[in-house]
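Asks: Provided below for reference: sequence and predicted model.
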Amino acid sequence: MASVPAVLRSEWTKIRTVASTSWTLVSAFVVTVAVGALLCALLASTFDDLPPAEQATFDPTLISFSGMVLGQLAMVVFGVLVVGTEYSSGMIRTSLAAVPQRATFLFSKIMVAGLLALVVGTATSFLSFFLGQALLGGRATSIGEENVLRAVIGGGLYMGSSRSSPWASRRCCAARCSRSAS
């Protein structure tokens with residue numbers, strides 16, 4: 001019987017050593033921050049050309065997070081890769097033989113990948129916010145303004161949400177698991 005710490009270490013090793021999962025997290029980080037920064041810089045330079053109604057409703061926090069939609073796609077791919085690489089390589093058989101308790105196996109996979117996605121998502125959210133505000137110049141807001149910190153933390157939770165965890169990907173691969181086990 002495999003202990004939970006050993007299974008957690010195993011899952012961490014699998015995620016860390018598969019290049020595609022690491023690159024997917026890096027791409028989620030870079031794309032989110034870059035798109036947000038680009039749009040903040042663009043808006044800062046063209047703000048005076050906006051209609052008065054748009055200037056009045058301008059939200060500097062929201063524009064900083066404009067890259068999160070594309071970054072979230074990379075996080076979804078990360079979740080799929082965490083689960084899918086074991087199935088495509090056939091290593092799922094070895095993993096299930098080493099950890100016959102499927103609940104422990106699934107919990108460990110969710111825990112490691114979810115925590116990693118949450119850390120990357122939170123770092124992405126904070127960097128997107130601070131870089132975006134620096135580029136907005138005089139139109140920027142601060143983290144201490146009402147609801148801004150909550151929005152930044154919420155952005156991190158959004159990036160690391162269940163969409164990027166293997167739990168969401170598990171349903172996609174359930175049919176493959178039953179076929180490979182037979």
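Replies: Sure thing, it's come through.

Asks: Tell me how far the most far-flung residue of the chain relative to its centre lies from residue 58.
Replies: Most distant residue from the mean C-alpha position of the chain: residue 52, 35.4 Å away (Cα atoms, centre = their mean). Residue 52 is 11 Å from residue 58, where distance means Cβ to Cβ, to the nearest Å. Using the backbone N, CA and C atoms, a C-beta is placed for each residue, glycine as well.

Asks: what stretches of this structure score poorly on pLDDT?
Replies: Residue ranges of the chain with pLDDT under 70: 1, 162-182.

Asks: From the contact counts, what lies against the longest helix along it?
Replies: Looking across the chain with DSSP state H, the single longest helix is helix 102-136. On a contact count with 3 or more Cβ pairs under 8 Å, 6 or more residues apart in numbering; DSSP states H and E, helix 102-136 meets helix 4-17, helix 19-46, helix 60-64, helix 68-89, helix 91-98, helix 148-159, helix 166-181.

Asks: Can you mark which positions in it are buried?
Replies: Neighbour-count burial for helix 102-136, counted by 16 or more other Cβ atoms under 10 Å, picks out 104-114, 116-118, 120-122, 124-129, 131-133, 135-136.

Asks: how about the helices and strands packed on helix 102-136, which one is nearest residue 140?
Replies: Of all the helices and strands packed on helix 102-136, helix 60-64 sits nearest to residue 140, with 5.5 Å by Cβ to Cβ.

Asks: Extract the CA atoms of the closest one and return them as PDB.
Replies: In PDB, the C-alpha atoms belonging to helix 60-64 read as follows (Å, rounded to 0.1, in the frame of the first residue of the first chain):
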ATOM      1  CA  PRO A  60      -8.100  50.000 -14.600                       C
ATOM      2  CA  THR A  61      -8.300  46.700 -12.700                       C
ATOM      3  CA  LEU A  62     -10.300  44.900 -15.400                       C
ATOM      4  CA  ILE A  63      -8.000  46.000 -18.200                       C
ATOM      5  CA  SER A  64      -5.000  44.600 -16.400                       C
END
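
Asks: Check which residues of that helix are buried.
Replies: Buried-residue list, helix 60-64, by 16+ other Cβ under 10 Å: 60-61, 63-64.

Asks: ok, residues contacting it?
Replies: The contact list for helix 60-64 (Cβ atoms under 8 Å, 6 or more residues apart in numbering) reads 36, 39-40, 43, 128-129, 131-133, 136, 139-141, 148, 151-152.

Asks: and with 6 Å instead?
Replies: Residues outside helix 60-64 that contact it (Cβ atoms under 6 Å, 6 or more residues apart in numbering): 36, 39-40, 43, 128-129, 132, 136, 139-141, 148, 151.
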